[in-house]
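take a look and give me a structure for this.
(one chain, ligands or ions: 1)
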Amino acid sequence: MPTLSSRAGRATLALLMLTLSALAIIVASIPTPGRAADPVTVLTSDFEDGTTQSWAMRGTAEVVENSTAAAHAGSRSLLTSGRTASWNGPSRDLLATVTRGTRYTYAVWARAAAGAGSVQLRMSVERRWQGTASYEQVVNSTTVTDGGWTQLTGGYTLANDADFFAVYVETVSGTASFHLDDFSLSYLPPSPIQTGIPSLKTVFANDFPIGAAVGRPQLLAERGQLLAKHFNSVTAGNAMKWDATEPTEGVFTYTDADAIVAFARANAMKVRGHTFVWHNQTPAWVFNDANGQPMTATAANKTLLLARLEAHIRAVGGRYANDVSAWDVVNEVIDENQSDGLRRSTWYTITGLDYIRTAFRVARQVAPNAKLFINDYNTNVAAKRDKLYHLVAQLKAEGVPVDGVGHQQHGNISWPTGAETDAMIAAFLPLGVEQQITEMDTSIYTSSSESFTTPPADRLASQAARYKAWFDVYRRYKANITSVTLWGLADDETWLDSYPVSRKDFPLLFDVQLQAKPAYWAVIGAASPTATGPASPSASASASPSPSASRSPSASPSAPSSPSPSASRSPSASPSASVPPSPSGSATPVSCRVKYTVTNQWNTGFQGDVVVTNTGSAAVSGWSLRWTFANGQVVNQSWSSAYAQSGANVTITNATWNAAIAANGGTASFGFLSTWTGTNTVPSTFTLNGTTCLQG
Ligand code: XIL
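You can find the predicted model right below:
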C-alpha cells in the first residue's frame, strides 16, 4: 500500500520536529535546522478487507464491487462494470473527511479491466449546496490500459459551502469496466506565513499596485493571510469569466466572484475584472442560434450574439461597477498570423470587429469608473504587438473607449528578456494608453518535455533573475504602468500545473508552503529605493522568533544551514538563506558611493535601505560591502544580498542578480532589518571590496 510517507518515517519525523521545536523555544536566538514538510494521509482505500470501503456507484445500473481479478498491491481492488454512461463510476463521500480551505492531494491507481484495452479516465469532485451541484475536475483525462496500473494524482481545495462532497472516477467517453486501488487523500500541513518579511505592496507603494489572481481557496486560512499581507489588487482567476457567471442564458451565478470582491473590500484591495469576452470558457449556448444550432454568419445571428454580449456585460459589469477598477473587456483577440491581425474566433466570424466595439461601449456605460483594457499574451513578440498596436490605434480613432493595454506576461526562466519587455512597454507609449501587467508568471521550464517534482536551485536562481529583470523594466515605466498582477498566489496552485502539459510547475514568488522564494527577494530588490519598507513598526516587529523559526524554506535547496551565529534572532525563514551568495569580486580597487537610509524605525528594530553606486570607470562583478556598527546593532535579515555579522562588523554580499555594478554610475541596492537600542547612528565608514566609499 503506497502512501506518501511511511508511518515509521512520520513517527521519527514527528519526534525530530518535537525536538527541534523544543530547541527553538529554548534557544530562540539561534536558528535551528529546518524540517522537511511531511504529508499527512487522512484516508486510504486498499480494498484488502474484501469490501468496497464506502465506495459506491453514482448511477443506478453499474456494479461497484471488491475484486480479486487484479490488484495494485495485495490481492484485491475495486472493480466497476456494467456501466451504461460515461459518468457512471465509483464515488466516495468525503464531506466529513476534508477540512474546508485545506488543499488535498487525491491519488489513486487505475487500470482497465481485462480485455478493455485502452481507456481514458478522469477524477473529479461533486459538491452540492442547498440543492445545486457543481463538478470540478481534479485529474485531467489520463490513459490507462488493461496491461498495467497508472496513477491518477491531483490537488483540490474545498473552499465553498457544501452539504454534499464526494470524489469520483469516470471515463471520458464510453462504458469500459475499470479497476481502482490504493486511493489516498493527503495534505501538507500548512506553514505559517512569514510575517516579518517586507510586504510586496508596501515595497512597491511608490510604483504600482501589486495583484494576484485567485480563487476562493486563496481567500482562506494561511493563503488568505499571504494574499492580504502582500497584495493590494486581486483578479478572479476564473470566477468572473462567462462560464462561471452565466452558465445558462439569463441565469447568473456570482457566489465565487462575490466572495473575492468581499475579500478585496475587507482588505482595501483593488479588483481587476477578468474578463467579459474570450474565445475560451464561454458556454456553448452563447454561440448557438435561435434553434439551438451552432451559429453561422448571418445578420440575424450577429444581432443575437451582440444582444447576448450586451446583456452579459450589463449584468456582470453592472453588479461590480463600484468594485472593479479595471476590466479586461476583451481577452486574446489578436492573431498575428492573420493579415488583419484578428483572431478567427466565433466572436469574430459572426460579428467582425463589432463584438469589440459593443463590448467597450457597453462596459463604459455600465461601469463608468472602471478603466477598460484590451488584454493579450506574447505582446513582447514584435509581430503580435504590432497587430495589437494597430487595432488599439484604430479603435481609439473610432472613439471606442479603450483606456489601456494589458500585457499578460506569461514567461519562463529565460524568456522574454528585460530588453524584450522594455520594447513591449515602449511600443505602446505613442498611443498614450495605460498599461498593466495582468497575468505574469515565470515557468521553471523551457520545454514541454521537462518535469521536476521539486524545483532545482539553479532554476530558482534563473527565475529570480528573470523576475528581477522584468520588475526593473516595470519600475522604469511606472509612470505608464498602473498595475502589476501575478497569475496566482503561490506555487501550491498554478494553472501551469496543467498547461501546456500536466506536470508540477513553480512559477510564482512563494513556494508550495507559501514561503518566500529567491524570486521574491529578487523582486523586493527591484523596488524603488525611495519606497518604504514594512508598513508599520508593529508589522515589522513581528519578525521576532515564532514557532516557525524552526523551519527553513522547503524550496531552497541551496540554503546555507545557518546564517551568522551572532544574529540575535531569526525571522521565520531567513531571507539571506534564500539568496545564494556569489563569490565576492576580486580585490580590484573600486571607486564608490554609499547611501545608507534608515527607512523605518521602531522601539527595538529598524529597516535600512542601502544604494551602492560604482563611481569608477571599471565594472564591478561581485561585491562585499562592510561597515561597523557603533551602538550594538545586530542585523537579522537582509534582502537582495546575504549578510554576516561578527561583533560589530557587518559584511553584506551581493545576491546573484545584483553582482554586477556597471561602471560610471551603476548601482546595486539592498535592504536589511536590524535591532537597535538607545542610539542608532549611521556607520561612519563603508568599504566596497576593501575600498572606502564616499557617502550620501
Ligand atoms: C486560466 C485559469 O488560470 C485556469 O484555472 C483555467 O483553467 C484556464 O484559464 N490567459 C488568461 C487567463 O487570460 O484567463 C487564463 O486563466 C490563463 C491564460
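
so E439 touches N378, yeah?
No - counting by Cβ atoms under 8 Å, E439 does not reach N378; the two are 11.6 Å apart. To be clear about C-beta, it is placed using only N, CA and C from the backbone, and glycine gets the same treatment.

intersection of neighbour lists for these two?
Common neighbours of E439 and N378, using Cβ atoms under 8 Å, 6 or more residues apart in numbering, are Q408.

same drill for the two, tell me which one is more crowded.
Ranked by neighbour count (other Cβ atoms under 10 Å), E439 and N378 place E439 first, with 25 against 19.

where in the stretch 451-600 of the chain is pLDDT low?
Confidence mapping of the stretch 451-600 of the chain against pLDDT under 70 gives the ranges 527-589.

try it again at 90.
502, 525-590, 598-600 (pLDDT under 90).

get me the contact residues on it for the ligand.
W495 (Cβ under 6 Å from any ligand atom).

from S443, how far out is the residue of the stretch 451-600 of the chain found nearest the ligand?
Of all residues in the stretch 451-600 of the chain, the one sitting closest to the ligand is W495 (3.4 Å; Cβ to the nearest ligand atom). Separation of W495 from S443 (Cβ to Cβ, to the nearest Å): 11 Å.

higher neighbour count, those two?
Taking neighbours as other Cβ under 10 Å, W495 and S443 compare with S443 leading, 22 against 16.

with only the CA atoms kept, save the helix or strand containing I524 in PDB.
Here I524 sits within helix 518-525, counting by DSSP states H and E. Output in PDB follows, covering the C-alpha atoms of helix 518-525 (Å, rounded to 0.1, in the frame of the first residue of the first chain):
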ATOM      1  CA  PRO A 518      14.500  33.700  -4.300                       C
ATOM      2  CA  ALA A 519      12.300  35.300  -6.900                       C
ATOM      3  CA  TYR A 520      10.500  37.200  -4.100                       C
ATOM      4  CA  TRP A 521      13.800  38.500  -2.700                       C
ATOM      5  CA  ALA A 522      14.900  39.500  -6.200                       C
ATOM      6  CA  VAL A 523      11.600  41.400  -6.800                       C
ATOM      7  CA  ILE A 524      12.000  43.100  -3.400                       C
ATOM      8  CA  GLY A 525      15.400  44.200  -4.600                       C
END
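
run through the neighbouring helices and strands of it.
Where contact means 3 or more Cβ pairs under 8 Å, 6 or more residues apart in numbering; DSSP states H and E, helix 518-525 is packed against helix 200-203, helix 457-476, helix 575-578, strand 634-639, strand 666-675.

show me where the stretch 1-150 of the chain has its helices.
Using DSSP state H, counting those that start in this stretch, the helices found in the stretch 1-150 of the chain span residues 7-26.

so where's it shaky on pLDDT?
For the stretch 1-150 of the chain (pLDDT under 90), the answer is 1-38, 61.

at 50 instead, please
1-35 (pLDDT under 50).

beta partners of the residue in it that the ligand sits nearest to?
Residue nearest to the ligand within the stretch 1-150 of the chain: Q137 (9.3 Å; Cβ to the nearest ligand atom). Listed by DSSP bridges, the beta-bridge partners for Q137 are S124.

against L395, how distant is it?
Q137 is 37 Å from L395, by Cβ to Cβ.

more neighbours: which of these two?
The neighbour count for Q137 versus L395, taken as other Cβ under 10 Å, is higher for L395 (18 against 13).

who's in contact with the residue nearest to the more buried one when sequence neighbours are not counted?
Excluding the flanking residues, the one nearest L395 by Cβ to Cβ, 6 or more residues apart in numbering is V402, at 5.1 Å. Applying Cβ under 8 Å, 6+ apart to V402 gives the contacts V329, F360, L372, F373, I374, V392, L395, K396, V433.

among those, which are in strands?
When the contacts of V402 are checked against strands using DSSP state E, the ones located there are V329, L372, F373, I374.

the residue nearest to T84 when sequence neighbours are not counted and P430: what is the separation?
Leaving aside its chain neighbours, T84 sits nearest to A61 (4.5 Å; criterion: Cβ to Cβ, 6+ apart). Separation of A61 from P430 (Cβ to Cβ): 65 Å.

please apply the same query to S483.
Going from S483 to P430 by Cβ to Cβ gives 21 Å.

more neighbours: which of these two?
More crowded of S483 and P430, by other Cβ under 10 Å: S483, with 25 against 9.

what angle do strand 634-639 and the helix holding I524 make with each other?
100 degrees (axes from the mean of the first three to the mean of the last three Cα atoms, to 10 degrees).

and the strands in the stretch 101-250 of the chain, which stretches?
For the stretch 101-250 of the chain, the strands defined by DSSP state E, counting those that start in this stretch cover 103-112, 118-129, 132-145, 150-157, 164-171, 178-187, 210-214, 233-236.
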